[in-house]
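J.: can you look at this prediction? I've put the sequence above it.
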Amino acid sequence: MRRFLKNLLPDHETIRRTPWLRPFENSLLHPRLWHLNRRSAAGAVAVGLFCGLIPGPFQMPGAALCAILFRVNLPLALFVTLYTNPFTIVPLYLLAYQIGRLLIGDTAGFLAPPAFDFDSFTAWTQAMQAWMLAVARPLAVGLIVLADGLALAGYLLTRGAWRLYLVRHWHRRRRRSA
């Protein structure tokens, strides 16, 4: 499993050769950020799944910061954040919104955004701000809960898959030696 993942992920020499990352070389070249084992892979998947729901372009910087903070595999954490893309982000955010509504007890139903009005742009802007404020609380609660759930599931599934791979490898090796 380790060899397979190492072929997919860049090595730490890539960081050393990148000029704009040189100021961060001391923290980015820590050996635990590049070592791949059960713990670091599972932690990296959890970090990537959690940070993948961060809005906007802050997913990868957030994943990098968390990987450095928790000392898990950095390239894998960055790679896992790619599960959110233009095709998956809308369904994930809608799911987070529904989870948030359920948890805070909002029974009003889905709140549709206001239609764009060419004639009165200021009225539309004010209606859009009111809509964003109404959606913000359930969405924020739902995103946190969904991110936590995905991170926990990813951590446990990665640990289990790695364990299953090792047990099968041990059994194959035992059969070959017998």
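T.: Looks like it arrived, so ask away. Numbering: from 1, shown residues only.
J.: CA only for contacts and neighbour counts going forward, please
T.: OK.
J.: where are the low-confidence patches of this structure?
T.: Along the chain, the parts satisfying pLDDT under 70 run over 1-2, 4-6, 8-12, 15, 20-26.
J.: 50 instead, please
T.: Along the chain, no part satisfies pLDDT under 50.
J.: so which bits of the helix or strand encompassing residue 94 are buried?
T.: Using DSSP states H and E, residue 94 maps to helix 89-104. Buried residues in helix 89-104, defined by neighbour count with 16 or more other Cα atoms under 10 Å: 92-93, 95-101.
J.: and stretch 62-73, by the same measure?
T.: Going by neighbour count (16+ other Cα under 10 Å), the buried part of stretch 62-73 is 62-68, 70-73.
J.: can you check stretch 159-173 too?
T.: Buried, per 16+ other Cα under 10 Å, within stretch 159-173: 159, 162.
J.: can you check stretch 124-143 too?
T.: Counting neighbours by 16+ other Cα under 10 Å, one finds that the buried residues in stretch 124-143 are 124, 127-128, 135, 138-143.
J.: need the longest helix for this structure.
T.: Longest helix in the chain, counting residues (DSSP state H): helix 121-177.
J.: run the angle between it and helix 89-104 for me.
T.: Computed by axes from the mean of the first three to the mean of the last three Cα atoms, to 10 degrees, the angle separating helix 121-177 from helix 89-104 equals 100 degrees.
J.: list the helices and strands helix 121-177 packs on?
T.: Helices and strands touching helix 121-177, by 3 or more Cα pairs under 8 Å, 6 or more residues apart in numbering; DSSP states H and E, are helix 38-51, helix 89-104.
J.: residues in contact with the closest residue to residue 46 other than its chain neighbours?
T.: Sequence neighbours aside, residue 151 is the residue nearest to residue 46 in space, at 4.1 Å (criterion: Cα to Cα, 6 or more residues apart in numbering). Counting by Cα atoms under 8 Å, 6 or more residues apart in numbering, residue 151 touches 45-50.
J.: how close does the residue of the chain positioned farthest from its centre get to residue 167?
T.: Relative to the centre of the chain, and counting by Cα atoms, centre = their mean, the farthest-placed residue is residue 178 at 43.6 Å. Applying Cα to Cα, to the nearest Å, the value for residue 178 to residue 167 is 16 Å.
J.: same question for residue 141.
T.: Plainly put, residue 141 is 39 Å away from residue 167 if you go by Cα to Cα.
J.: ditto for residue 124
T.: Distance of residue 124 to residue 167, given as Cα to Cα: 60 Å.
J.: equivalent analysis for residue 38, please.
T.: Distance of residue 38 to residue 167, given as Cα to Cα: 13 Å.
J.: list phi and psi for residue 117.
T.: Per-residue torsions, residue 117: phi -120, psi 110 (degrees, to the nearest 10).
J.: what sits against it?
T.: Counting by Cα under 8 Å, 6+ apart, residue 117 has contacts residue 124.
J.: I'm done for today, thanks for sticking with me.
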